[in-house]
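In: can't give you the sequence, but here's the structure:
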Ligand SMILES: [Zn+2]
């Protein structure tokens, strides 16, 4: 049996899992729950997957344009239909607030192109929300993207420099912005792991949304 997330044609999908993967060291065979936004179909799919038995389970068929509200509505019940003692993976997600909301609903893993694709298009994720480095307000700004970030792009380069190299279509712009975005995502995941270990995920979630609501630092 083979399966994939069903989002794109199988020929292009990098998320195929083969039965042979199940006994290769470092690889795991995941069963992928389908059923769209229909609760009964999700249940039927989960039951069939549990009967087969997998090393991990994925929630497929979401983040395909249904919007965050409908995705969260589905995640309010879909992960609970899958075994809690196995990794539960949400395919193709997502923006930082999608990730935090998904983890709050029981998701352990996810994958997405966003940190690198956004880096290439000048979109930067920070604790205080999204920064668009191509905006003119950054042209003379000597401050880093995020004062609290320890990534090389923030430690060694100003917003003004990053704005200039992005506008000049220099490849270093994609590299530095992607570097920062990946660092931000890594830190976000680490903070969520710490919050779960400290039994304070609700506190983390509140602080996450509060800081984002502040918006970017004021222009100079
Ligand atoms: Zn950074």
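Out: Perfect, I can see it now. Predicted model only: the values in this text are computed from it and were never measured.
In: Near the ion, which residues of the chain? Just list them.
Out: Applying CB under 5 Å from the ion, we find that the chain lies next to the ion at 149, 151, 153-154, 180. Backbone N, C-alpha and C define where each C-beta goes, glycine included.
In: Checking my notes, residue 41 in a helix, right?
Out: Yes - Residue 41: assigned to a helix according to DSSP: H, G, I helix; E, B strand; the rest coil.
In: Can you get me a residue count around the closest residue to it other than its chain neighbours?
Out: Residue nearest to residue 41 in three dimensions, not counting chain neighbours: residue 35, with 3.3 Å by CB to CB, 6 or more residues apart in numbering. By other CB atoms under 10 Å, the residues close to residue 35 number 19.
In: Please apply the same query to residue 161.
Out: Residue 161 has 18 nearby residues by other CB under 10 Å.
In: For residue 144, see how far away it is.
Out: Remark: distance between residue 161 and residue 144 (CB to CB, to the nearest Å) = 10 Å.
In: just residue 196 next, same as before
Out: Distance from residue 196 to residue 144, by CB to CB: 29 Å.
In: of those two, who's got more company?
Out: Just comparing residue 196 and residue 144: by other CB under 10 Å the higher neighbour count belongs to residue 144, 20 against 13.
In: Pretty sure that one sits in a helix.
Out: No - looking at residue 144 with three-state DSSP, it is coil, so not inside a helix.
In: quick one: contacts for it?
Out: With contact taken as CB atoms under 8 Å, 6 or more residues apart in numbering, residue 144 is in contact with 153-155, 157-159.
In: what about 7 Å?
Out: Contacts for residue 144 (CB atoms under 7 Å, 6 or more residues apart in numbering) come out as 154, 158-159.
In: which one of the residues of the chain next to the ion is nearest residue 187?
Out: residue 149 (7.8 Å; CB to CB).
In: Could you check the pLDDT of the closest one?
Out: On pLDDT, residue 149 comes in at 96.
In: ok, how many other residues are close to the residue nearest to residue 119 when sequence neighbours are not counted?
Out: In space, and not counting its chain neighbours, residue 119 is closest to residue 178: 3.2 Å by CB to CB, 6+ apart. Here the count is done by other CB under 10 Å, and residue 178 has 18 residues near it.
In: Over to residue 121?
Out: 12.
In: Same check on residue 188?
Out: If you count neighbours by other CB under 10 Å, residue 188 ends up with 18.
In: measure the closest residue to it other than its chain neighbours to residue 134 for me?
Out: Closest residue to residue 188 apart from its sequence neighbours, by CB to CB, 6+ apart: residue 96 at 6.0 Å. The gap separating residue 96 from residue 134 is 20 Å, by CB to CB.
In: more crowded one of the two?
Out: A count of neighbours by other CB under 10 Å puts residue 96 above the other of residue 96 and residue 134, at 20 against 15.
In: from memory the more buried one sits against residue 126, does it?
Out: No - counting by CB atoms under 7 Å, residue 96 does not reach residue 126; the two are 9.5 Å apart.
In: any idea where the helices of this protein begin and end?
Out: 39-52, 68-75, 96-104, 114-120, 152-156, 159-167, 171-197, 201-213 (DSSP state H).
In: Pipe the ones you listed into TSV and attach mean pLDDT per row.
Out: Converted to TSV, those look like this (pLDDT from 0 to 100):
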stretch	mean pLDDT
helix 39-52	98
helix 68-75	98
helix 96-104	98
helix 114-120	97
helix 152-156	97
helix 159-167	98
helix 171-197	98
helix 201-213	98
